[in-house]
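**Q** have a look at this fold, sequence not included:
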Ligand code: MG
């Protein structure tokens, strides 16, 4: 049987995950064809990617107009690219809530969806997993932790009794609350093991990122929140684990490099040799440490899980509030420890709607953004 070239769209092509996705595709000639590209702010990079990959469909988020290139393509919206019949697999690497509509369009069109956008499942997990089921779409997680769990569950017919999400703990793992209050944006942007965008790097430092991943895991693997555990593992070698009823534990290990989970989401069920991917040298691993998370110094973890349990529009409000709080911190306007405070106060005031549709989800996110700005401004005056 000849290998069929998979037709891929990369949404969020100019961001960290998008760029690494194109690196993987470039390293595996003959396997994938880039049919669609959508990029954000970096117009020059998007134009470069268009010249190189010659996609048939393009979208440019920033200007909503075609970037200047000599290549010929059709200018479509992200949703139209995501649902296009000539595309087999959609990589949703768009950041923030901009990923929701294309993810929904892709699952409704029954695509294979390599999902790197956190907000899709956090904000709209119920809606998106229902639509995926109804339309025969497959959601393939790109995040390293969820990819690890997915890989551990391959070939198993029993549901795990427990999922254990590992977290690096970020750069401030053993800081007290008093020390955390003095953390600067420059310090928070220094992640010890992963190369990622600014928002997710700050979310990793507050552990909000892990809280969002718990919510995603709930939807991806249909697990009860009580059976999803978080474990700090500073080496970022064990990417996550599953435990079964008989007590057996399976883990997936690898060097912390996003290209591996990206490639698995693209090539599944095959595994392809990629000379650019780092190999794990067992003799090199001096130790693998694990410790429980500190819920008191990193309240974002608990805040996120609580919002996930309450469902409805709470997780959408959580995402909107966190995004603005992180922006305010990066702009030097609030302390690091004000991020969880503002998010929690916002959620306390949220009037949630249960089983929301997409518009209600987006509205909750907008409301939370406004609310955080008001609360932050009020604290200063
Ligand atoms: Mg992750």
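**A** Looks like it came in fine. Keep in mind the model is a prediction, meaning the values are calculated, not measured.

**Q** show me where the stretch 51-200 of the chain has helices.
**A** 78-82, 100-108, 118-135, 144-153, 177-180, 185-188, 198-206 (DSSP state H, counting those that start in this stretch).

**Q** any low-confidence regions in the stretch 101-250 of the chain?
**A** Residues of the stretch 101-250 of the chain that meet the criterion pLDDT under 70 lie in 195.

**Q** what parts of it come near the ion?
**A** 143, 145 (C-beta under 5 Å from the ion). In short, each C-beta sits where N, CA and C put it, glycine included.

**Q** and whichever residue of the stretch 101-250 of the chain sits closest to the ion, what does it touch?
**A** Checking the stretch 101-250 of the chain residue by residue against the ion with C-beta to the ion singles out residue 143 as nearest, at 4.3 Å. Contacts for residue 143 were tallied using C-beta atoms under 8 Å, 6 or more residues apart in numbering; they are 116, 118, 213, 216, 261.

**Q** got a winner among these for most neighbours?
**A** residue 116 (30 neighbours; other C-beta atoms under 10 Å).

**Q** in space, what's closest to it - neighbours in sequence excluded?
**A** Distance criterion C-beta to C-beta, 6 or more residues apart in numbering; nearest residue to residue 116, sequence neighbours excluded, is residue 142 at 3.9 Å.

**Q** for the one you found, grab the count of nearby residues.
**A** The number of residues packed near residue 142 is 26, by other C-beta under 10 Å.

**Q** so it makes contact with residue 259?
**A** No - using C-beta atoms under 8 Å, residue 142 is not in contact with residue 259, being 10.4 Å away.

**Q** what number of residues lie near the closest residue to residue 83 other than its chain neighbours?
**A** Spatially, and ignoring its direct neighbours in sequence, residue 83 is nearest to residue 109 (3.8 Å; C-beta to C-beta, 6+ apart). Counted with other C-beta under 10 Å, residues neighbouring residue 109 total 19.

**Q** hmm, residue 80 and residue 109 touching each other?
**A** No - counting by C-beta under 8 Å, residue 109 sits too far from residue 80 to count as a contact (10.2 Å).

**Q** can you give me every residue that contacts residue 51?
**A** By C-beta under 8 Å, 6+ apart, the neighbours of residue 51 are 69-71.

**Q** please enumerate the strands of the protein.
**A** 6-11, 32-39, 57-60, 74-75, 89-92, 112-115, 138-141, 162-167, 228-232, 238-243, 249-253 (DSSP state E).

**Q** wait, residue 54 touches residue 70, no?
**A** No - using C-beta under 8 Å as the test, residue 54 is too far from residue 70 to be in contact (10.2 Å).

**Q** which one's more surrounded, these two?
**A** Higher neighbour count among residue 54 and residue 70: residue 54, with 15 against 7, using other C-beta under 10 Å.
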